[in-house]
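# This is a predicted model, with the sequence first.
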Amino acid sequence: MKRLVLTSLALAAAFAASSASAQGFSATLGYTNVNPKSNNGTLAGASASVNDDWSATGSVAYAFNDNFSLELWTGLANFEHEVSLAGLGTIASVKHRPTTLSVNYHFAPDSKVRPFIGAGYGWVNVSGERTLGALAGLGIDGTNSNGLSYGGGVDIFVTDRVFLRADVRKLDFDTDVTVETLGNVGTATVDPLVYGLSVGLTF
């Protein structure tokens, strides 16, 4: 999965470098919340719940014209979530780093307020799994995930080059969970809503 992500990013960078002028680029730095959906599946026969977390994120994008851009967005640090089971409480924690590559359509490109929508593909790299509480001491493993991603937001330009961004996106994030001695205990269906605030610069 890591090789697939790196290959996709390399192709996107090569395409942008071969066809872009400097004026078409932008970058953002932000703070983002990954908020899992309310029903996170069943693990070991019990209903699972995954809490939310905040972390730093960033993006780079190239605008092909006034309306369309290609954006690479990623976590700059890991998000960490606790996993709870009905009747057992918190039984594990897991870290992950999401990445999406999307095509965005920007409305009102000459305005100071510029809404946009986008769709693309996302990857979630899972790491740092550990057991807690009733399962403490057992090994645990969660698989990486990938799938379609979509969302939107708004850019508010405070100067010709500097803008503030509020955005939201939906990630397809399911991870198969294996626990030592128990084997595969099920799939955690995270499928989070991801929203954040960023500062951006065009160059």
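Done, it's in.

# number of nearby residues for residue 160?
Using other Cβ atoms under 10 Å, residue 160 has 8 neighbouring residues. The C-beta positions use only the backbone N, C-alpha and C, and glycine is treated the same way.

# Offset the numbering so it begins at 10, please.
Taking 10 as the first residue, the last one we looked at is residue 169.

# helix or strand for it, which one?
Using DSSP states H and E, residue 169 maps to neither a helix nor a strand.

# Could you pull up the residues touching it?
For residue 169, the contacting residues are residue 211, by Cβ atoms under 8 Å, 6 or more residues apart in numbering.

# immediately after the worst-scoring helix or strand of the chain on mean pLDDT, which helix or strand?
Within the chain, no helix or strand scores below helix 11-28, which has a mean of 45 by mean pLDDT, DSSP states H and E. Where DSSP H and E defines the elements, the next helix or strand beyond helix 11-28 is strand 34-44.

# who does that following strand pair up with?
Using DSSP bridges, strand 34-44 pairs in its sheet with strand 62-72 (antiparallel), strand 202-211 (antiparallel).

# quick one: contacts of the shortest one?
Put plainly, it is strand 202-211. By Cβ under 8 Å, 6+ apart, strand 202-211 touches 32, 34-44, 46, 66-68, 107, 160, 164, 169-180.
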